[in-house]
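Asker: turn this into a model:
(2 chains)
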Amino acid sequence: MATRTMNKATPLVVTYTPRKKKRTLVEILLDVLKYTILIVLSISYLLPFYWMFTSALKNDSQIYTIPPVWIPNPAMWENFWNAWTTYNFNLYLFNTVFKYALPVAIGTVVSSSIVAYGFGRLRWKSREFLFAICLSTMMVPFQVTMVPLFIIFKKMGWINTFLPLVVPAFFGNPFNIFLLRQFFRSIPEDLLDAARIDGANELGVLFRVVLPLSKPVLTVVALFAVMGAWNDFLGPLIYLNNSKNYTLAIGIESLRRTISSVGSVALAYPYLMAVSTIVTIPIILLFFFAQRTFIEGITLTGMKG
Amino acid sequence: MQIPFFKRFALTPAERRRELLGFLFISPWLIGFLLWTIYPLASSLYYSFTRYDLIREPIFIGFRNFQEIFREEEFRKVMYNTLYYVGIGSPLYVATSFLLANLLNTKIVGRSVFRAIFFFPSIVPMVVIAMVWSFLLNVQYGAINGTLQAMGLPVIRFLSDPALAKPTLIMINVWGAGSMLVIFLAALQDVPRELYEAAIVDGAALWHRFWYITIPLCTPVILYNLVMSLIWGFQDVSLPLLLTGGGPNKATQFYALFLYRNAFQFLRMGKAAALAWILFVIIVTFTLLLFKSTGRWVYYHGGDNK
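Answerer: Numbering: from 1, shown residues only, chains lettered A, B, ... in the order given. Model prediction:
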């Protein structure tokens, strides 16, 4: 996404200089205004994160100081470790990654790929009709199925397990099916036919030819699944109410509830901010990593299209 | 001559094999569709005509849930809150991200850095965003009120004043609307630059180029973002639940939060199902509007991505 924007960087709206000529005063003033706006906005976008990070380093007296302390001194780096271990966040991290994010990512990638191949690369009569139904289910708001699904999962004894959050992922997700189908369709038929002549059945074609060529889009799907699980608040809130099963998101919320119910606990806010900071760091890393993946995916489709 | 009815659907053996293979491949979705969509839809419709608390069996009560909802004082308040949240919020998110995208689409050093900064809040976990903002806006020791107090100004009760709670949530959403900005930026890249060059030759001013080229060519995307944010606004639970819990004085009791409360706090499953179906009708209306008017957007962004 980023390179695409950067390569095609064209002076469209504000400044446009057809030939090399001296910049007029108005143009210079416009530029100054433009960068002022952008820098002021950028600071205000980042300030909440800076506040989160520095508050994590404070001791109690620095939290209650007026005017607010922006550079904590002394910086309590041990808050990160203490908050994380005192409130059991290692367990929540384990739950989030191994019981939620990874199973969902694997389930989504595998099931959506198979379905997308059926919708994109096999020729059969009922295909278009069923695909239209598949897409139209994206319209159904989560709230409509929320109540009956909760009742079903309760009857099956799945409340307080990760099954309600994980199992549906193994049945394909319409948006990912759509995304993968678009990509699969861009792969030349000759490659598939070559594999068929060599005796591969359709499942073999999918796993040996199509999926290895689709790594960029598969990464995008997996990344979105992992991020969705990492950030999900409502799903775990509905289905998990035993602290042994908490995810990071629910862990943070429960930490806040613990703090506010006991009243003014020492280091309440620094701990809350420390944990929030740690949970945000992987998102920052993933964000830079994902940006590259997006570019690769888009350039690849662009070359074939 | 007419073909006998059953023969029109008759398939040759080869075709039958292909159909079977197709169905096998899509069977994960098809089974999931029946289990997690069709069955819940049907039973949710049934529950909406019942009283059900998860303990006793559901009792059929006809349209009484709907009657109760439409007569209720609180539902009117919830609708007012939601229409305020969505009606003021959505156009504001669209307008700010569109203007910002236009600003970023000019000749700028470090565009991708700025874009990353503006985009970033939208991928941070909602819980973290709620924690940070509730601390920042805290009346006693939040950074904003602390600064105001230090300057001798009165404190602002951002989240505890009924008149300010909704605008505060909307402002936090403006800050978090970075994904919309990225969509707009991609759309602006697709506007052919010849149009601007021609307009400059004709002597069109900056404002005219924006008004007569940029906006008309971006209307499909503007509409898309507008409808998506309307739908999102109707379904938003997390932020109000975490920041205000629906308060103060129910000023941030929005539709989806009200529904969530009825289902999981008051265990009124029947009423929650009825509320969900009303929501469904509202969302389908918006979505049909979207599909009717954005054929063009779907055309050049779907498929081969140019």
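
Asker: A:V109 versus the residue nearest to A:F287 when sequence neighbours are not counted, what's the distance?
Answerer: Closest residue in space to A:F287, ignoring its immediate chain neighbours: B:I123 at 6.1 Å, by CB to CB, 6 or more residues apart in numbering or on different chains. C-betas here are computed from N, CA, C, even on glycine. For B:I123, the distance to A:V109 under the criterion CB to CB, to the nearest Å works out to 20 Å.

Asker: now swap in A:A195 and tell me
Answerer: A:A195 sits at a distance of 21 Å from A:V109 (criterion: CB to CB).

Asker: and the residue nearest to A:F287, how many neighbours?
Answerer: A total of 18 residues lie near B:I123 under the criterion other CB atoms under 10 Å in any protein chain shown.

Asker: dump the residue contacts of B:I222.
Answerer: For B:I222, the residues meeting the contact criterion (CB atoms under 8 Å, 6 or more residues apart in numbering or on different chains) are B:94, B:98, B:215.

Asker: can you list those residues in TSV and add pLDDT?
Answerer: Shown next, in TSV, are the contacts of B:I222 (pLDDT from 0 to 100):
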residue	pLDDT
B:V94	94
B:F98	94
B:I215	86
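
Asker: which element, helix or strand, includes the residue nearest to the spatial centre of chain A?
Answerer: Among the residues of chain A, A:M227 comes closest to the average C-alpha position under CA atoms, centre = their mean, at 2.9 Å. Under the criterion of DSSP states H and E, A:M227 resides in helix A:215-231.

Asker: after that helix, next one along is what?
Answerer: Proceeding C-terminally, helix A:215-231 gives way to helix A:234-239 as the next helix or strand, assigned by DSSP H and E.

Asker: beyond that following helix, next helix or strand please.
Answerer: Downstream of helix A:234-239, the next assigned helix or strand under DSSP H and E is helix A:248-262.

Asker: list the buried residues of that following helix.
Answerer: Going by neighbour count (16 or more other CB atoms under 10 Å in any protein chain shown), the buried part of helix A:248-262 is A:248-256, A:259.

Asker: now, which of these sits nearest A:N59?
Answerer: A:I259 (15.8 Å; CB to CB).

Asker: from A:Y87, how far off is the closest residue to the closest one other than its chain neighbours?
Answerer: Nearest in space to A:I259, with sequence neighbours left out and distances taken as CB to CB, 6+ apart, is A:A268 at 4.1 Å. Taking CB to CB as the measure, A:A268 falls 11 Å from A:Y87.

Asker: where does chain A have low pLDDT?
Answerer: Segments of chain A classed as low confidence (criterion: pLDDT under 70) are A:1-22, A:261-267, A:292-305.

Asker: domain map for it?
Answerer: Partitioning chain A according to automatic domain parsing yields domains covering residues A:2-81, A:87-263.

Asker: so how many other residues sit close to B:P91?
Answerer: Taking other CB under 10 Å as the definition, B:P91 ends up with a neighbour count of 14.

Asker: ditto for B:A177
Answerer: Quick note: B:A177 (other CB under 10 Å) scores 24 neighbours.

Asker: count of neighbours near the residue of the stretch 101-250 of chain B found nearest chain A?
Answerer: Using CB to the nearest CB, B:A150 is the residue of the stretch 101-250 of chain B that sits closest to chain A, at 3.4 Å. Applying other CB under 10 Å, we find 12 residues neighbouring B:A150.
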